[in-house]
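Q: What would the 3D arrangement of this be:
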Amino acid sequence: MKKLALVGCGHIHTPNFVNKMAARKDLKVVKVWDHNEDRAKATAEKLGGQSVDCHCRIWEDPSIDAVVICSETNKHEDLVLRAVNAKKHMYVEKPLGFASSDAWKMANAIEDANLLFQTGYFMRGQPIHILLKKLVKDGAFGKITRLRHSNCHSGSLGGWFDTEWRWMANPTIAGCGGFGDLGTHSLDIILWLLDQVPTAVTASIQEVTGRYPGCDETGEGLLQFPDGTIATLAAGWVDVQNPVQLIISGTEGHAHVNNGQLFITSKNIPGADGKSPWTDLPEIEPHAFDLFLDGVVGKKVKLVSPREAALRSAVMEALYQGAKAHAWKAPKLR
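A: From the prediction side, this is the model:
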């Protein structure tokens, strides 16, 4: 049985991950650390593991195969580099880095150590995205001219970050606000579908309600790609609805997702007249976190690479810089 440790319990996804790990019969979480000792003890109790007062107890334990890092973002660099030095496979909740510099430093270290890595870009496993990835690659839409992805919810309006998860609405700890928090998922899908690196990006990012002073809550990003494709992403915490999640426009076809239903128009796909929802979809893939756990126990899985994760942090950093400067910015690549 593989042994894991949970390093940091601060992320809003931690409770779901705890449930997933507790349900597994092929692995065991043996140690839990968090800078909040009460939070660590409560989480360890749910997992049947030991709460430790120093994360050093985890790095020095050779029996631990992998770690799950769900700490606040500003702690990622220190914890990830310690995990690398201890040769622990790792899941790191998104975003990987606070900015491009720490993200690339972590990615390079993880890759040099040849460790298993995963982060939380779960949208890749959704049937609609899987199908569209194949159709784009096969040229079903011709030359892609425009691509748009939207990922929004009403978190600020509902006060989701008022209490336990308050740090996520503090950019000095989280590295971003609502635009970056949700936008990183849309950014991942855009970069994954196009399989290109944007040459320049900019954005308009706004604070709306004032509920979380100094924290952005919504935004629109604009990305230019080497082949001429223009992409936009919408993300934020102040949306009552998010009906149109995706649009792909090409010289030979079009696709859009409306309230979770896919519509395709393409002369290259029999029956794709865009008049009714497209229901011939692949099976959903396991959640990104489940894929990591499967990988730890030896199953062959396809994970997000450290380099992909770092690129998303770099592009998001450039989007925020573009918004601040009212200018186009090139992502820092290395």
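Q: where in the stretch 51-200 of the chain is pLDDT low?
A: When residues are selected by pLDDT under 70, none of them lie in the stretch 51-200 of the chain.
Q: ranges for the strands of it?
A: Assigned by DSSP state E, counting those that start in this stretch, the strands in the stretch 51-200 of the chain fall at 66-69, 89-92, 117-118, 144-152, 200-206.
Q: For stretch 327-334, give the mean pLDDT please.
A: Taken as a whole, stretch 327-334 has an average pLDDT of 95.
Q: Identify each buried residue in that stretch, please.
A: Neighbour counts over stretch 327-334 (16 or more other C-beta atoms under 10 Å) mark 329, 330, 331, 332 as buried. Heads up, the C-betas are built off the backbone N, CA and C, glycines and all.
Q: Which of the strands of the stretch 51-200 of the chain has the highest mean neighbour count?
A: With neighbours taken as mean count of other C-beta atoms under 10 Å, these reach their highest mean count in strand 117-118, at a mean of 28.
Q: same for that one, what does it pack against?
A: Counting contacts by 3 or more C-beta pairs under 8 Å, 6 or more residues apart in numbering; DSSP states H and E, strand 117-118 packs against strand 89-92, helix 288-296.
Q: any residues touching that strand, and which ones?
A: For strand 117-118, contacts defined as C-beta atoms under 8 Å, 6 or more residues apart in numbering pick out 89-92, 110, 288-289, 291-292, 295, 303-306, 309.
Q: 6 Å instead?
A: For strand 117-118, contacts defined as C-beta atoms under 6 Å, 6 or more residues apart in numbering pick out 90, 91, 110, 292, 303, 304, 306.
Q: Quick check: the gap between the closest residue to the fifth one other than its chain neighbours and residue 180.
A: What it means is residue 303. Distance criterion C-beta to C-beta, 6 or more residues apart in numbering; nearest residue to residue 303, sequence neighbours excluded, is residue 118 at 4.5 Å. Separation of residue 118 from residue 180 (C-beta to C-beta, to the nearest Å) stands at 20 Å.
Q: Ok, residue 20 next?
A: Distance from residue 20 to residue 180, by C-beta to C-beta: 25 Å.
Q: In contact with residue 317, which residues?
A: Contacts of residue 317 by C-beta under 6 Å, 6+ apart are 99, 100.
Q: where's it relative to residue 176, distance?
A: Residue 317 is 9 Å from residue 176, by C-beta to C-beta.
Q: still on that earlier bit, okay if I get the helices and strands packed on strand 117-118 as CSV plus distance to residue 154?
A: CSV is the format used below for the helices and strands packed on strand 117-118 (distance: least, C-beta to C-beta, whole Å):
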stretch, distance to residue 154
strand 89-92, 27
helix 288-296, 24
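Q: ranges for the helices of the stretch 51-200 of the chain?
A: With helices called from DSSP state H, counting those that start in this stretch, the stretch 51-200 of the chain shows them at 56-59, 76-85, 100-112, 127-138, 155-158, 171-174, 178-194.
Q: buried residues in stretch 212-228?
A: 212, 215, 216, 217, 218, 219, 220, 221, 222, 223, 224, 225.
Q: How many neighbouring residues does residue 103 have?
A: 28 (other C-beta atoms under 10 Å).
Q: Please name the nearest non-neighbouring residue to it.
A: residue 97 (2.6 Å).
Q: Might one say that that neighbour is in contact with residue 105?
A: No: counting by C-beta atoms under 6 Å, residue 97 does not reach residue 105; the two are 8.0 Å apart.
Q: out of the two, which sits in the busier spot?
A: Counted by other C-beta under 10 Å, residue 97 and residue 105 do not tie: residue 97 has more neighbours, with 26 against 16.
Q: Go ahead and produce CSV holding the CA coordinates of the top helix by length along the chain.
A: Assignment by DSSP state H gives helix 306-325 as the longest helix of the chain. Extracted in CSV, the C-alpha atoms of helix 306-325 (Å, rounded to 0.1, in the frame of the first residue of the first chain):
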residue,chain,number,x,y,z
PRO,A,306,5.2,20.8,-14.6
ARG,A,307,6.1,22.8,-17.7
GLU,A,308,2.4,23.2,-18.6
ALA,A,309,1.5,24.3,-15.1
ALA,A,310,4.3,26.9,-15.1
LEU,A,311,3.3,28.2,-18.5
ARG,A,312,-0.2,28.9,-17.1
SER,A,313,1.2,30.8,-14.2
ALA,A,314,3.4,32.8,-16.6
VAL,A,315,0.6,33.7,-18.9
MET,A,316,-1.7,34.6,-16.1
GLU,A,317,1.0,36.9,-14.6
ALA,A,318,1.3,38.6,-18.0
LEU,A,319,-2.5,39.0,-18.2
TYR,A,320,-2.5,40.8,-14.8
GLN,A,321,0.5,42.9,-15.9
GLY,A,322,-1.3,43.9,-19.1
ALA,A,323,-4.4,44.9,-17.2
LYS,A,324,-2.3,47.1,-14.9
ALA,A,325,-0.3,48.7,-17.7
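Q: follow-up on the earlier one: now the buried residues of stretch 212-228 in JSON lines, please, with extra columns for distance to residue 140 and pLDDT.
A: Shown next, in JSON lines, are the buried residues of stretch 212-228 (distance: C-beta to C-beta, whole Å; pLDDT from 0 to 100):
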{"residue": "212", "distance to residue 140": "42", "pLDDT": "98"}
{"residue": "215", "distance to residue 140": "40", "pLDDT": "98"}
{"residue": "216", "distance to residue 140": "36", "pLDDT": "98"}
{"residue": "217", "distance to residue 140": "36", "pLDDT": "98"}
{"residue": "218", "distance to residue 140": "32", "pLDDT": "98"}
{"residue": "219", "distance to residue 140": "30", "pLDDT": "98"}
{"residue": "220", "distance to residue 140": "27", "pLDDT": "98"}
{"residue": "221", "distance to residue 140": "26", "pLDDT": "98"}
{"residue": "222", "distance to residue 140": "25", "pLDDT": "98"}
{"residue": "223", "distance to residue 140": "22", "pLDDT": "98"}
{"residue": "224", "distance to residue 140": "23", "pLDDT": "98"}
{"residue": "225", "distance to residue 140": "18", "pLDDT": "98"}
